[in-house]
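Novice: could you work out the structure for the sequence below:
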Amino acid sequence: MTASPPQAPPARTGRIGALLRSSAVLRSSSVLRSAAALYGSTVVTAGLGFAFWAVAARLASPAEVGSAAAAISAMQLLGSFCTLGLGSLLISELAKRPETTTRVVSASLAVSATVGLVLSLGVAVVVGPVLGRGGPLFGSVPGILVFALGCAAHAATAVLDLALVGARLPARQLLRNTVFAVAKLALLPVAAALAGLSTSMIYLAWLLGSVLSVVAVLSRSSRPSRWLRPPAPPTVLRGLGAQAAGHHAINVSAHAPSLVLPMVVVAVLHPVHNAGFYMALQIASFAWAIGVHLSTALFAVSAHDHGRLRRELLLALRVSLLVTVAGVAGALLLGGWLLGLLGPAYALAAPALVVLFAVSLPSAVKALFIAVCRVQGRLRLAATATVAGSAAEILAGVAGARYGVTGVAVGLLVANLVQGVLMWPRVAGAAGFAGPWPRRITGDG
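Specialist: Predicted structure coming up:
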């Protein structure tokens with residue numbers, strides 16, 4: 001009698017094996033581990049940041065919240081500009097020169113903070129009244145000084161966060177962001193009790209929270225006295241200007257639309273409209289940040305190991321797609337309810353929230369395009385594409401403002417979709433997808 005052939009393993013066993021293999025891939029991905037550490041900071045910052053604005057919405061009028069959001073967006077935009085690309089530069093340089101960490105980081109912090117202070121003073125005098133609608137933050141010398149100090153603090157802490165990533169100290173970065181988020185939230189009711197929660201007091205709580213977060217990081221340093229000495233001179237950074245300039249153009253332009261558009265809404269519509277729009281941006285930023293952190297982690301782990309780029313990029317694309325689908329579905333089901341908790345003026349931005357979550361996927365493609373260009377040494381290409389794309393996003397948002405905050409969000413989505421289509425060939429080629437694009441692209445661009 002002929003022995004019967006061996007039976008095929010049950011389909012259930014095959015599915016379990018596939019799940020185990022997928023789990024192993026996720027655990028072995030350096031990009032996902034690094035991005036998860038970065039996203040941990042974002043979840044803390046964005047979650048408590050949303051709580052910050054939710055408390056502000058309960059303690060202040062929508063007009064005050066909208067004006068404060070525009071002022072803080074202006075501070076973040078100027079602060080990001082004044083980092084001069086030094087944060088991204090430190091990610092790669094600290095790995096090459098660990099023995100000079102203190103000198104390079106202290107010089108970078110000093111340069112970014114000084115530029116932030118000087119530049120923001122001039123900007124506050126020229127465009128401050130428009131951003132604050134004549135509010136006290138821009139209508140007095142003390143208010144302008146507080147605004148400038150906020151810009152300097154944001155520039156320095158943005159550089160510090162990326163320096164901690166480059167120094168392989170993600171726990172310190174998480175600590176700084178946690179203290180920052182908790183401190184500024186705790187200061188809001190104090191400010192409301194002492195002087196009433198105005199635009200200026202909301203901004204001041206933000207600034208003091210940033211200062212306390214740096215103090216917390218210094219307290220955890222094994223030798224905090226090193227950082228209290230006069231910083232190293234800018235000459236320590238000599239020879240790194242061209243590379244920093246490329247990173248700088250990318251970083252500023254990539255974040256500019258989400259910072260400029262709240263100012264557009266205030267100027268074209270009204271601070272009350274901006275209150276809802278800004279809260280929608282805060283919620284959507286949970287999804288947007290995943291693509292940004294995947295890009296940062298992809299650059300960090302692949303900068304000196306191009307062989308890892310393809311497999312990590314494929315995983316990043318899958319995660320980005322999943323996040324977008326989940327975000328849009330969640331916004332459709334819960335967006336109106338969540339914004340409505342803050343008040344009727346905020347609930348009007350519910351349709352814009354759905355559109356902003358849809359931006360997540362093309363935005364992730366753009367972020368991964370930047371990472372691929374950085375790994376391949378094509379900083380000029382990434383900078384040119386990102387600057388042009390960000391200008392298109394801002395113009396599209398301005399054009400959509402005639403239809404309200406939903407029109408602003410739709411304009412942002414359309415501009416991101418166009419960029420995603422144009423940037424996809426390079427991303428797809430690096431990921432190894434079949435198509436008319438080259439599989440490997442290298443060069444100095």
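Novice: isn't Ala383 right next to Ala249, touching?
Specialist: Yes: at 3.8 Å, Ala383 counts as touching Ala249 under the criterion of Cβ atoms under 8 Å. To be clear about C-beta, it is placed using only N, CA and C from the backbone, and glycine gets the same treatment.
Novice: of these two, who's got more company?
Specialist: For Ala383 and Ala249, the more surrounded residue by other Cβ atoms under 10 Å is Ala383, and the numbers stand at 24 against 19.
Novice: what about the more buried one, distance to Leu261?
Specialist: Ala383 sits at a distance of 21 Å from Leu261 (criterion: Cβ to Cβ, to the nearest Å).
Novice: now swap in Gly87 and tell me
Specialist: 23 Å.
Novice: over to Glu312?
Specialist: From Glu312 across to Leu261, the span is 31 Å (Cβ to Cβ).
Novice: what about those two, which has more around it?
Specialist: With other Cβ under 10 Å as the criterion, Glu312 and Leu261 differ in neighbour count, and Leu261 comes out ahead with 27 against 24.
Novice: in which helix or strand does that one reside?
Specialist: Secondary structure here is read from DSSP states H and E; on that basis Leu261 sits in helix 241-268.
Novice: packing partners for that helix?
Specialist: Identification of packing neighbours for helix 241-268 by 3 or more Cβ pairs under 8 Å, 6 or more residues apart in numbering; DSSP states H and E yields helix 62-81, helix 86-96, helix 101-132, helix 271-302, helix 360-375, helix 379-400, helix 405-431.
Novice: worst mean pLDDT among those helices?
Specialist: Comparing mean pLDDT across the helices and strands packed on helix 241-268, the lowest value falls on helix 86-96: a mean of 68.
Novice: let's test this: mean pLDDT of the helix holding Leu261, rounded?
Specialist: For helix 241-268, mean pLDDT rounds to 78.
Novice: now stretch 269-277, how far from the centre of its chain.
Specialist: The chain centroid and the centroid of stretch 269-277 are separated by 22 Å, computed with Cα atoms, centre = their mean, to the nearest Å.
Novice: from Ala249, how far out is Ile283?
Specialist: In this structure, Ile283 and Ala249 are separated by 28 Å, where distance is defined by Cβ to Cβ.
Novice: whoops, Ala171 was the one
Specialist: Spatial separation of Ala171 from Ala249 under the definition Cβ to Cβ is 31 Å.
Novice: neighbours around the nearest residue to Val266 once chain neighbours are set aside, how many?
Specialist: Counting by Cβ to Cβ, 6 or more residues apart in numbering, Ala70 is the residue found nearest to Val266 once chain neighbours are left out, at 4.3 Å. Residues lying near Ala70 (other Cβ under 10 Å) number 28.
Novice: is it correct that Ala70 is in contact with Val272?
Specialist: No: if you go by Cβ under 8 Å, Ala70 and Val272 don't touch, sitting 11.8 Å apart.
Novice: ok, now which ones touch Val359?
Specialist: Ala284, Trp288, Ala409, Leu412, Leu413, Asn416 (Cβ atoms under 8 Å, 6 or more residues apart in numbering).
Novice: hmm, try it at 7 Å
Specialist: If a contact means Cβ atoms under 7 Å, 6 or more residues apart in numbering, then Val359 has Leu412, Leu413, Asn416 as its contacts.
Novice: okay, those residues in TSV with distance to Phe433 and neighbour count next?
Specialist: Written out in TSV, the entries for the contacts of Val359 read as follows (distance: Cβ to Cβ, whole Å; neighbours: other Cβ atoms under 10 Å):
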residue	distance to Phe433	neighbour count
Leu412	27	28
Leu413	24	21
Asn416	20	24
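Novice: out of these, who's nearest Ala316?
Specialist: Ala316 lies nearest to Asn416 out of those, by Cβ to Cβ, at 17.1 Å.
Novice: give me the nearest residue to that closest one, chain neighbours excluded.
Specialist: The spatial neighbour of Asn416 that comes closest, neighbours along the chain excluded (Cβ to Cβ, 6+ apart), is Pro362 at 4.0 Å.
Novice: neighbours around that neighbour, how many?
Specialist: As a burial measure, the neighbour count of Pro362 was computed by other Cβ under 10 Å and equals 25.
Novice: the residue most central in space within the chain and Ala371, how far apart?
Specialist: The geometric centre of the chain, computed from its C-alpha atoms, lies nearest to Ala289 (Cα atoms, centre = their mean), at 5.8 Å. Using Cβ to Cβ, one gets 15 Å for the distance from Ala289 to Ala371.
Novice: buried residues in the helix or strand harbouring Arg311?
Specialist: Here Arg311, judged by DSSP H and E, is contained in helix 309-340. Counting neighbours by 16 or more other Cβ atoms under 10 Å, one finds that the buried residues in helix 309-340 are 309-310, 312-313, 315-317, 319-320, 323-324, 327-328, 330-331, 335-336, 338-339.
Novice: over to stretch 52-62?
Specialist: Buried, per 16+ other Cβ under 10 Å, within stretch 52-62: Phe52, Trp53, Ala54, Val55, Ala56, Ala57, Leu59, Ala60, Ser61, Pro62.
Novice: from the chain's centroid, how far away is it?
Specialist: Relative to where its chain is centred, stretch 52-62 has its mean C-alpha point 23 Å off (Cα atoms, centre = their mean).
Novice: do stretch 254-265 as well
Specialist: The chain centroid and the centroid of stretch 254-265 are separated by 12 Å, computed with Cα atoms, centre = their mean.
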